[in-house]
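A.B. asks: Give me a 3D structure for the following:
(chains A and B)
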Amino acid sequence: EAGVAQSPRYKIIEKRQSVAFWCNPISGHATLYWYQQILGQGPKLLIQFQNNGVVDDSQLPKDRFSAERLKGVDSTLKIQPAKLEDSAVYLCASSLTTISYEQYFGPGTRLTVT
Amino acid sequence: AQSVTQPDIHITVSEGASLELRCNYSYGATPYLFWYVQSPGQGLQLLLKYFSGDTLVQGIKGFEAEFKRSQSSFNLRKPSVHWSDAAEYFCVHLATSGTYKYIFGTGTRLKVLA
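C.D. replies: Okay, here's the model as predicted:
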């Protein structure tokens, strides 16, 4: 079974530029999560989707971050404009449903904002 | 709010020595607990999980963890550490009020001396 796929793996941008990350979850997984992991910290949930609907985006900085999952499969997370403090690893995870015990993580995208 | 505490930010052990990483979760929370490992540049890999039953759980790579409800703890152990175990370890609690969510500890970075 293929795991969660993410691209790109690494991205370096200047502040005020925009960037987008892509995630393809495990086939059949209805729930998709985006996490932000700042160096030295545990991952923090940014947004959770159930199919193509948002379940929880309470921690998403909506003035600059946006995410979509239009067809209920793959998802895109965008930052515009980026700030220095957005430098982090962005992890995507998926699970069968919103009440699944286990989440499966992708390799992450390491973003450096200079 | 439910929380997970990993008291040790950094731990250094010699190769072949035993290891114990500490984890405490919010008292009274449902004990759905995980340990994940994150090697440099890698995603999160599940080591083991506890939902119910035998309080000593075995995981991959020779790791085990013991759930102690009276101490609200879920400590990770390994009898003999290998150099390849150097990584960051996260204790995770699954919060089950509403949609299920992972609550991450801050992580413990393990360094292994040759």
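A.B. asks: Give me the pLDDT value at the residue in chain B that chain A sits nearest to.
C.D. replies: Using CB to the nearest CB, residue B:104 is the residue of chain B that sits closest to chain A, at 3.3 Å. (Each C-beta comes from the backbone N, C-alpha and C, glycine too.) Per-residue confidence (pLDDT) for residue B:104: 94.
A.B. asks: now do residue A:70
C.D. replies: pLDDT at residue A:70 comes out at 83.
A.B. asks: sorry, back to before: does the residue of chain B closest to chain A touch residue A:38 like I think?
C.D. replies: No - the pair residue B:104 / residue A:38 is not scored as a contact, 11.8 Å apart, by CB atoms under 8 Å.
A.B. asks: quick one, which of these two is more surrounded?
C.D. replies: Taking neighbours as other CB atoms under 10 Å in any protein chain shown, residue B:104 and residue A:38 compare with residue B:104 leading, 22 against 13.
A.B. asks: Pull up the gap between that one and residue B:90, please.
C.D. replies: 5 Å (CB to CB, to the nearest Å).
A.B. asks: Find residues that contact each of these two.
C.D. replies: A:42-43 (CB atoms under 8 Å, 6 or more residues apart in numbering or on different chains).
A.B. asks: one step back: out of everything not next to it in sequence, what's closest to the residue of chain B closest to chain A?
C.D. replies: What sits nearest to residue B:104 in space, not counting adjacent residues and going by CB to CB, 6 or more residues apart in numbering or on different chains, is residue A:42, at 3.3 Å.
A.B. asks: per-residue pLDDT, residue 48?
C.D. replies: This is for chain A. 95.
A.B. asks: that's the wrong chain, I wanted chain B
C.D. replies: Value for residue B:48, per-residue pLDDT: 96.
A.B. asks: Tell me the bridge partners for it.
C.D. replies: residue B:35 (DSSP bridges).
A.B. asks: how about it, what does it touch?
C.D. replies: Residue B:48 sits next to B:34-35, B:57-60, B:63-65, B:76 when contact means CB under 8 Å, 6+ apart.
A.B. asks: try 10 Å this time
C.D. replies: B:33-36, B:57-61, B:63-65, B:74, B:76 (CB atoms under 10 Å, 6 or more residues apart in numbering or on different chains).
A.B. asks: Alright, calling it a day.
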